[in-house]
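Asker: build the 3D model from these lines:
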Amino acid sequence: MELNDANLQSLTEFLRKTLDPDPTVRRPAEKFLESVEGNLNYPLLLLTMLEKSQDTVIRVCAAVTFKNYIKRNWRIVEDEPNKVSDQDRTAIKANIVNLMLSSPEQIQKQLSDAISIIGREDFPQKWPDLLTEMVTRFRSGDFHIINGVLRTAHSLFKRYRHEFKSNELWSEIKLVLDTFALPLTELFKATIELCQTHAADVNALKVLFSSLTLISKLFYSLNFQDLPEFFEDNMETWMTNFHGLLTLDNKLLQTNDEEEAGLLELLKSQICDNAALYAQKYDEEFQPYLPRFVTAIWNLLVSTGQEVKYDLLVSNAIQFLASVCERPHYKHLFEDQNTLTSICEKVIVPNMEFRSADEEAFEDNSEEYIRRDLEGSDIDTRRRAACDLVRGLCKFFEGPVTAIFSGYVSSMLGEYAKNPGENWKHKDAAIYLVTSLASKAQTQKHGITQANELVNLNEFFVNHILSDLKSPNVNEFPVLKADAIKYVMIFRSQLPKEQLLQAVPLLISHLQAESTVEHTYSAHALERLFTMRGPNNTTLITPAEMAPFTEQLLNNLFKALALPGSAENEYIMKAIMRSFSLLQESIVPYIPTLIGQLTHKLLLVSKNPSKPHFNHYLFESLCLSVRITCKANPTTVSSFEEALFPVITEILQNDVQEFLPYVFQVMSLLLEIHSNSIPSSYMALFPHLLQPVLWERTGNIPPLVRLLQAYLEKGGASIAGSAADKIPGLLGVFQKLIASKANDHQGFYLLNSIIEHMPPESIIQYRKQIFILLFQRLQSSKTTKFIKSFLVFINLYCVKYGAIALQEIFDSIQPKMFGMVLEKIIIPEVQKICAVGITKVLTECPSMMDTEYTKLWTPLLQALIGLFELPEDDSIPDDEHFVDIEDAPGYQTAFSQLAFAGKKEHDPIGDSVGNPKILLAQSLYKLSTACPGRVPSMLSTSLNAEALQFLQGYLQAATVQLV
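Answerer: Presented below is the predicted three-dimensional model:
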């Protein structure tokens, strides 16, 4: 694409169309942009447009498009083509910083993000002058430019907060500190002076305070990994100024907005974070400054109101106290009983109250409420911070703190009892207090794993929780109901089994509650209870114990999906999946009704997939329905195909990319259930599965390979007969996969299935070419994974076609090639399939006995005995029922492996060989009868004593003797 006006004009038109609400206009424009983004100059056209266009909307749109283009394409992935030309890369890096700094704020933010994405890949090696270019702009005195630099530096350095320690990281941070730390400190001091000069100018203050907030964020990132020498030497400057800013109160910067945090609050929140970082990690160096920070932050907490805009500030301030109180160094600051009482009374209890803002979120923004309350993303909530402070105080003062709070809990529950209708918030706070007091250690998988001995959880459950669960009106006091459900869920490992069983039917009835939070919590609690382990690695709650409630459970779960706000509720769908998995064959009678509801739901969400976890659990539930029903009666597979194929066809036709990997797994599962033939409906699809476009997307590769393996296993002969013209296409897929380091093992899976299941005559003409391709890849890049897969393949080939065929095909490619492969690959890297293949090479290949290959016979036998006698890995993987999808190794955005579409491990040798050691002994015996005297003499002269001893054992077990 040339950099000219015509292209700029045409690109502008396409960008304008991508903003059109009408999908028939928008989608083609998006497809067009996708198709041209690989062209030379495309990113430069976007940058020209965002700089020169007269239309602000187009400028912003070009900036967003450019940032997304960089996000998708900048990283260079091994084995994949470079998506941005070197010429464009150089031009972008030469111009983007200038452009970012001279753009309006909206565009500046997008370009700043783009710079940090490029920086993550290229800085410092491929973009050494980035920092110096940025630092020189500090001298400009223009705070629009300075803030642009600070914002970019922040997005570039914030990854230091979560990167693992490494030498590479240390050297990068050292380079950054050498260039950046001094100018940043000078800027910090100058900005604080300017704040004093312009103390009465509100507009100037707004710009300066946003600079100070960014500087404070950069301080946090640069100090996170370790305490840099520079900052240790300049601690006085930084800490004195931070303390001054914490105690500053400028009336001009106070806002009337009750929701949105102002600049003053944001800056103070970040300073609390910085102080907490130093108190936790560098307590010795920070000790001289600590008392004044504790005083300042305490005063801040006592004087700050309950409005939502102060939430982040208050929670960070409380987190600071929490991190200080659990350090042995600072224990003395909290020892006094009056101090503890004061903290409990003035900081913890007020911040545990359920405010009207929380009530609004509970009712009107349930998704956000659940995310914060259940998933632990409530780091910045007052309640969570207060809870952490309780936990911190309990580390050294468990007795006194529990005593103080027990009084509060009793009085709160007393207030509630006087007038439940008016005072329900008192009970809510009491439950929250008990929970935070009792929880010492918690995991997502098991709930609370360690509890405070001084809190009687059982008694509290019976006296205060059960009554809310048993209340016949599930819609009354929904917040208290949600609290009660959450109590069962988080203390599930502490409560006795009979109380959990008592709770199950009550939780099932709460699935019908109108409140989204309440029925979501019920579904989540049930799902967590169903994954609890009982004796012998079984589930704690058994299908038999669930029998009386099965129908109501399934009914209420599916009805809950129809409640307003829960059409795509991932917790409900996960509970459906886990219920199916727990109940197993008990669900068979309900499946004919439920499968219709699941496929209808699939059809609806496929129109616009927006909830990845919900979709994942939906597919898992479909797979469970198929597996459980067909296990009892394999012929029912056809009724599943009738229900699923119309939806699957629509998903394939509309190319719903997010769903294709799932669809291929479901099809594999269905096809694998068939006995040995392929229905015509599958054969019609076969050619489409070989289309190159499907194989371009990495997420499709594992499930497509598995699907093709299912085709080959069920109908290798019918493919050879009716679709022989597709064999080159099949081998083309193999060739593409084998060339990639990331996917070569998938290529071998496919090749092994072709060798195992296709009639030999149908692929005879391709065999030599297959081996040549494999050798070319061995020469160009030899990895351990490739060699292991290659070993399995040649041994499978040997088992299938015989040892002579294997030796001949190697030597037909190049004379003496067979010996080179044995010596360089097989002997050093010897697995039941390898054992059988190697046994055949040793005993059924004449040239191993009578040519220059004979010298390799003993080392090969020794490698095989070594394989037999290596210790085996006997660790038992988790039963799939207990697997949490997010923890499963195959869960990622591109391809998510369905746990319940699991493929049975396939053994190509099967039962034909019981014990490979016995097979070796019998085969050696057969060989020794064919050439008497040779085998024992070869063994005695060159096999080591230990291997010989093992071999004697195999011969005795097989009751044979060598001659």
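
Asker: going by C-alpha atoms from here, please, whenever you check contacts or count neighbours.
Answerer: OK.

Asker: show me where the stretch 601-750 of the chain has its helices.
Answerer: 612-632, 637-653, 660-673, 680-685, 692-696, 701-722, 727-738, 744-757 (DSSP state H, counting those that start in this stretch).

Asker: now the fifth one: how far from the chain's centre is it?
Answerer: Per Cα atoms, centre = their mean, to the nearest Å, the displacement of helix 692-696 from the mean C-alpha position of its chain is 24 Å.

Asker: mind listing what's buried along it?
Answerer: For helix 692-696, a neighbour-count test (16 or more other Cα atoms under 10 Å) marks 694-695 as buried.

Asker: then it to PDB, C-alphas only?
Answerer: Taking Å, rounded to 0.1, in the frame of the first residue of the first chain, the C-alpha atoms of helix 692-696 are listed here in PDB:
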ATOM      1  CA  PRO A 692      -6.000 -24.600   5.000                       C
ATOM      2  CA  VAL A 693      -7.900 -21.700   6.600                       C
ATOM      3  CA  LEU A 694      -9.000 -23.900   9.500                       C
ATOM      4  CA  TRP A 695      -5.400 -24.900  10.200                       C
ATOM      5  CA  GLU A 696      -4.200 -21.300  10.200                       C
END
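
Asker: name the helices or strands packed onto it?
Answerer: Of the remaining helices and strands, none touches helix 692-696 by 3 or more Cα pairs under 8 Å, 6 or more residues apart in numbering; DSSP states H and E.

Asker: what's the average pLDDT for it?
Answerer: The pLDDT scores in helix 692-696 average 90.

Asker: got it, and the last one?
Answerer: Per-residue pLDDT over helix 744-757 has a mean of 96.

Asker: how much does that helix deviate in direction from helix 727-738?
Answerer: 150 degrees (axes from the mean of the first three to the mean of the last three Cα atoms, to 10 degrees).

Asker: buried ones in the helix or strand hosting residue 371, by neighbour count?
Answerer: If you go by DSSP states H and E, residue 371 is part of helix 366-374. By neighbour count on 16+ other Cα under 10 Å, the buried set for helix 366-374 is 366-367, 369-370, 372-373.

Asker: got TSV for those residues, with distance to residue 647 and pLDDT too?
Answerer: As requested, those are exported to TSV (distance: Cα to Cα, whole Å; pLDDT from 0 to 100):
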residue	distance to residue 647	pLDDT
366	31	93
367	29	91
369	34	91
370	32	91
372	35	85
373	36	85
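
Asker: between these, which sits nearest residue 159?
Answerer: Residue 159 lies nearest to residue 372 out of the buried residues of helix 366-374, by Cα to Cα, at 23.1 Å.

Asker: hmm, back to that, and the helix holding residue 371, what other elements does it pack with?
Answerer: Packing partners of helix 366-374 (3+ Cα pairs under 8 Å, 6+ apart): helix 356-364, helix 516-530.

Asker: the shortest one vs helix 516-530, what angle?
Answerer: With the same axes, to 10 degrees as the criterion, the two stretches helix 356-364 and helix 516-530 enclose an angle of 80 degrees.

Asker: list the buried residues of helix 356-364.
Answerer: Quick answer for helix 356-364 (16+ other Cα under 10 Å): residue 362.

Asker: for it, list the C-alpha coordinates in PDB.
Answerer: Taking Å, rounded to 0.1, in the frame of the first residue of the first chain, the C-alpha atoms of helix 356-364 are listed here in PDB:
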ATOM      1  CA  SER A 356     -26.500   2.100  50.700                       C
ATOM      2  CA  ALA A 357     -23.900   2.000  47.800                       C
ATOM      3  CA  ASP A 358     -23.300  -1.700  48.500                       C
ATOM      4  CA  GLU A 359     -27.100  -2.300  48.500                       C
ATOM      5  CA  GLU A 360     -27.400  -0.600  45.100                       C
ATOM      6  CA  ALA A 361     -24.600  -2.700  43.700                       C
ATOM      7  CA  PHE A 362     -26.300  -5.900  45.200                       C
ATOM      8  CA  GLU A 363     -29.500  -5.100  43.400                       C
ATOM      9  CA  ASP A 364     -28.600  -3.300  40.200                       C
END
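
Asker: and it, what does it pack against?
Answerer: Contact here means 3+ Cα pairs under 8 Å, 6+ apart; on that basis helix 356-364 packs against helix 366-374.

Asker: could you say which helix or strand contains the closest residue to residue 53 other than its chain neighbours?
Answerer: With sequence-adjacent residues excluded and distances taken as Cα to Cα, 6 or more residues apart in numbering, residue 53 is closest to residue 59, at 6.2 Å. According to DSSP H and E, residue 59 maps onto helix 56-73.

Asker: list the buried ones in that helix?
Answerer: 58-67, 69-70.

Asker: give me every residue that touches residue 416.
Answerer: The contact partners of residue 416, by Cα atoms under 8 Å, 6 or more residues apart in numbering, come to 422-427.

Asker: can you redo those residues as a markdown table with distance to residue 761 and secondary structure?
Answerer: Putting the contacts of residue 416 into a markdown table (distance: Cα to Cα, whole Å; DSSP: H, G, I helix; E, B strand; the rest coil) gives the following:
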| residue | distance to residue 761 | secondary structure |
| --- | --- | --- |
| 422 | 84 | helix |
| 423 | 83 | helix |
| 424 | 79 | helix |
| 425 | 78 | helix |
| 426 | 80 | helix |
| 427 | 78 | helix |
